[in-house]
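Engineer: need a structure here:
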Amino acid sequence: MSTPRPRFDDPHGWQDGSGNRSKVFSDGAASLRLVELTPEANHPDWCETGHSGCVVEGVLEVEFDDHVERYETGDAILIAPGPAGRHRPRALTGRVRLVLVDHEPARAG
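Structural biologist: Numbering: from 1, shown residues only. Okay, here's the model as predicted:
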């Protein structure tokens, strides 16, 4: 049996939000997320999930506590998980497509 291939143009499996959508593919050991953002995307809360991946299309701005980073098509993204990596993304073009692996903050315990 073949494994499904993650595709942006496949209409199935998207979770839609306001100005964004994503779908996650997992084999149980790892997860891959396809993300699309538009300028209408509203992220009022700071994200503490870490991300690694790349921008497939568009221009993305990521606001951190103390600075702003700009990512363009072909750029790699590496954001550490946790409070030090708090961030909010914003699309600077009509559509931004990302391929990401998410990394959750370590839990104290």
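
Engineer: Which parts of this protein are strands?
Structural biologist: Remark: strands assigned in the chain by DSSP state E are 15-16, 20-26, 31-37, 50-57, 59-64, 68-72, 76-79, 87-91, 96-103.

Engineer: what would the ones you listed look like in CSV with mean neighbour count, mean pLDDT and distance to Asp9?
Structural biologist: The way it works is simple: take the backbone N, C-alpha and C, and place the C-beta from them, glycine included. Formatted as CSV, the entries for these read as follows, by neighbours: other CB atoms under 10 Å; pLDDT from 0 to 100; distance: least, CB to CB, whole Å:
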stretch, mean neighbour count, mean pLDDT, distance to Asp9
strand 15-16, 10, 88, 16
strand 20-26, 15, 89, 12
strand 31-37, 19, 91, 10
strand 50-57, 18, 94, 12
strand 59-64, 17, 95, 20
strand 68-72, 13, 97, 22
strand 76-79, 16, 94, 22
strand 87-91, 19, 94, 19
strand 96-103, 19, 90, 11
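
Engineer: how about those, which one is nearest His43?
Structural biologist: strand 87-91 (4.6 Å; CB to CB).

Engineer: how far off strand 96-103 does the closest one point, in degrees?
Structural biologist: Counting by axes from the mean of the first three to the mean of the last three CA atoms, to 10 degrees, strand 87-91 lies at 160 degrees to strand 96-103.

Engineer: Strand 87-91 relative to strand 50-57, how many degrees between them?
Structural biologist: Interaxial angle of strand 87-91 relative to strand 50-57 (the same axes, to 10 degrees): 10 degrees.

Engineer: please renumber so the chain begins at 39
Structural biologist: Yes, from this point I'll number from 39; that puts the last item at strand 125-129.
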